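Trainee: could you work out the structure for the sequence below:
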Amino acid sequence: MGDMSNPVWDLRRVTLAGRDRPRVHNLTLAISDGVTAVMGSSGAGKSSLLGLLTDFEKSDAGSVEFAAPETATDLPLFWSPQDDGLWPHLTVQHHIEFVLPSQSQLDRSSVEWLELFSLEELQHVLPDSLSQGERSRLAIARSLASEAAVLVLDEPLVHVDPLHAHRCWQIIAEHIDRCGTTVVFSTHDPDAVLKFAQNVVCLEKGIIVFAGAVNELYFDPPSKELAWLLGPCNWLGHDDVDGVEACAGICRPDVCVRPSNLTLVQDSNARFVVESVLNAAVVTEVKLRERESERRLTVFLSQRCDDVATGDSVRFVVDPVLH
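Mentor: Okay, here's the model as predicted:
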């Protein structure tokens, strides 16, 4: 993924044992600098992979090699585990002061770090007095304040409310741009991956099922199951779309069409009849029935469908620019 001439991690045929099955099995992977997301369902092996990257886990077979980027200063790598890994005997402010580098690129005080994450009023508090969301924000603030060349973050903002999470991701992105930090993070949040990652690794039962560019997984996923990791998709056959010109460039029998690339148009001669329309905040879900076969189909659109109602006959229009 990315420029592999000098990978940050090089994993060769790595296996990590588990109780009933290997947590990671025969995994070969190279991770370059930049931002890489790790995705998969619960139990897929995301935390196990991150444990291997941070040397917290020792493989039972194979090799894991880590080469810190040339930007490394005091600390080559900082890991924020899923349970936050906070130090129970240190106050919020001391968590930041403890990791500040001796020669800082940012020259930011501990209080300034806490202000960025809206934690300044809690600076003298111990971790056990914090909410889960506050603990997560402190863990991220501590990670960034370390100015480590590489950050490994295990589901960093899963407990943070949407408003604070949006702000936290902005701060993380600004930090990456300013310091050239390499980041690997696990997540179930497709928006975070689409906004901030260049590459993505997908796991299933400890096996890599995809490793490549985020855009490739978004626009040209190898399967419907993998497509859904990055949000709603319409898995359509050529026969579902009227007009050959609408599907220019589509070679496979089935294709992933994202909601932003699909439109429904009323047409009295069309094959599909609208059975229901559910307008939601992010996507609109439309249930359809094919006239002749009675086949049911659900499609997702990025725009509201106020001009399409139950009983309307509709056809699909697919944006020919799918990439």
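Trainee: ok, the closest residue to residue 292 other than its chain neighbours - contacts?
Mentor: Of all residues beyond its chain neighbours, the one nearest residue 292 is residue 271 (7.0 Å), with distances taken as CB to CB, 6 or more residues apart in numbering. For every residue, glycine as well, the C-beta is placed using N, CA and C. Shown in contact with residue 271 (CB atoms under 8 Å, 6 or more residues apart in numbering): 242, 290-292, 315.
Trainee: look up how far residue 13 lies from residue 271.
Mentor: 50 Å (CB to CB, to the nearest Å).
Trainee: which one among the contacts of residue 271 gets closest to residue 49?
Mentor: In terms of CB to CB, no member of those lies closer to residue 49 than residue 290, at 42.2 Å.
Trainee: give me the pLDDT for that closest one.
Mentor: Per-residue confidence (pLDDT) for residue 290: 91.
Trainee: same thing with the one 3 residues further on?
Mentor: Among the per-residue scores, residue 293 holds a pLDDT of 88.
Trainee: what's the burial count for residue 237?
Mentor: Residues lying near residue 237 (other CB atoms under 10 Å) number 12.
Trainee: quick check: it vs residue 318, distance?
Mentor: Going from residue 237 to residue 318 by CB to CB gives 12 Å.
Trainee: what do you get for residue 11?
Mentor: Between residue 11 and residue 318 the distance is 39 Å, computed by CB to CB.
Trainee: can you check residue 84 too?
Mentor: Counting by CB to CB, the separation of residue 84 from residue 318 is 44 Å.
Trainee: for the stretch 51-200 of the chain, what spans make up the strands?
Mentor: Using DSSP state E, counting those that start in this stretch, the strands of the stretch 51-200 of the chain run over 61-66, 77-80, 150-154, 182-186, 199-204.
Trainee: neighbouring strands - and their directions - for the fourth one?
Mentor: Strands adjacent to strand 182-186 in the sheet, as given by DSSP bridges, are strand 35-39 (parallel), strand 150-154 (parallel).
Trainee: helix or strand right after the worst-scoring helix or strand of the chain on mean pLDDT?
Mentor: Every helix and strand of the chain was ranked by mean pLDDT, DSSP states H and E. The lowest is strand 254-257, at a mean of 84. Tracing the chain past strand 254-257, the next element assigned as helix or strand by DSSP states H and E is strand 262-266.
Trainee: quick one: strands adjacent to that following strand?
Mentor: Looking at strand 262-266 with DSSP bridges, its partner strands are strand 313-318 (antiparallel).
Trainee: now the partner strand, how far from the centre of its chain.
Mentor: From the chain centre to the centre of strand 313-318 is a distance of 31 Å (CA atoms, centre = their mean, to the nearest Å).
Trainee: gap between the spatially most central residue of the chain and residue 229?
Mentor: Geometric centre of the chain, nearest residue: residue 193, 3.2 Å, by CA atoms, centre = their mean. Counting by CB to CB, the separation of residue 193 from residue 229 is 8 Å.
Trainee: who touches both of these two?
Mentor: Shared contacts of residue 193 and residue 229 (CB under 8 Å, 6+ apart): residue 39.
Trainee: leaving out the residues flanking it, which one is nearest to residue 69?
Mentor: residue 149 (4.9 Å).
Trainee: now the one you found. Its backbone dihedrals?
Mentor: Main-chain dihedrals, residue 149, degrees, to the nearest 10: phi -70, psi -30.
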